[in-house]
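Undergrad: got a sequence here, can you model it:
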Amino acid sequence: MVKDDARQPGSAFRSIAMLGGALATAAAVAIGAVLAVFAAATVVVIAVMSSALLGLAGLALRARRTAAPKAEDGVIEARNLGGHHWVAYGWNDRP
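TA: As a prediction, the model looks like this:
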């Protein structure tokens, strides 16, 4: 079968076309490999950023639990005298 193709006219063009096809295939494989590495690097960056976010959220929750709330020793009472007028009681009674 190879000998039949070699005797037909245009077999030189066929071999050049096959060489071009092989080069295009190699280029497509190389580009695909570069894109695969880029996609893997993107996944790694997202994983690192999400783990940092979870770590900071954990630290914030721990700090929130350990922080002592300010002790309120009393409630300030306020009364509306009408409109925008308010009178507050108890703010000056604190020790």
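
Undergrad: remind me which helix or strand residue 41 belongs to.
TA: In this structure, residue 41 sits in helix 11-66 according to DSSP states H and E.

Undergrad: lowest confidence element among the helices and strands of this structure?
TA: Within the chain, confidence by mean pLDDT, DSSP states H and E is lowest for helix 2-7 among all helices and strands, at a mean of 56.

Undergrad: what about stretch 79-95, average pLDDT?
TA: The pLDDT scores in stretch 79-95 average 75.

Undergrad: what do you get for stretch 40-56?
TA: 97.

Undergrad: for it, list the C-alpha coordinates in PDB.
TA: Output of stretch 40-56 as PDB, limited to C-alpha atoms (Å, rounded to 0.1, in the frame of the first residue of the first chain):
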ATOM      1  CA  ALA A  40      -3.300  23.600  38.100                       C
ATOM      2  CA  ALA A  41      -1.500  26.700  39.300                       C
ATOM      3  CA  THR A  42      -4.800  28.500  39.500                       C
ATOM      4  CA  VAL A  43      -6.300  25.700  41.600                       C
ATOM      5  CA  VAL A  44      -3.300  25.800  43.900                       C
ATOM      6  CA  VAL A  45      -3.600  29.600  44.400                       C
ATOM      7  CA  ILE A  46      -7.300  29.300  45.100                       C
ATOM      8  CA  ALA A  47      -6.600  26.500  47.700                       C
ATOM      9  CA  VAL A  48      -3.900  28.600  49.400                       C
ATOM     10  CA  MET A  49      -6.100  31.700  49.600                       C
ATOM     11  CA  SER A  50      -9.100  29.800  50.900                       C
ATOM     12  CA  SER A  51      -7.000  28.100  53.600                       C
ATOM     13  CA  ALA A  52      -5.600  31.500  54.600                       C
ATOM     14  CA  LEU A  53      -9.200  32.800  54.800                       C
ATOM     15  CA  LEU A  54     -10.300  29.900  57.000                       C
ATOM     16  CA  GLY A  55      -7.300  30.300  59.200                       C
ATOM     17  CA  LEU A  56      -8.000  34.000  59.700                       C
END
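
Undergrad: all set, thanks.
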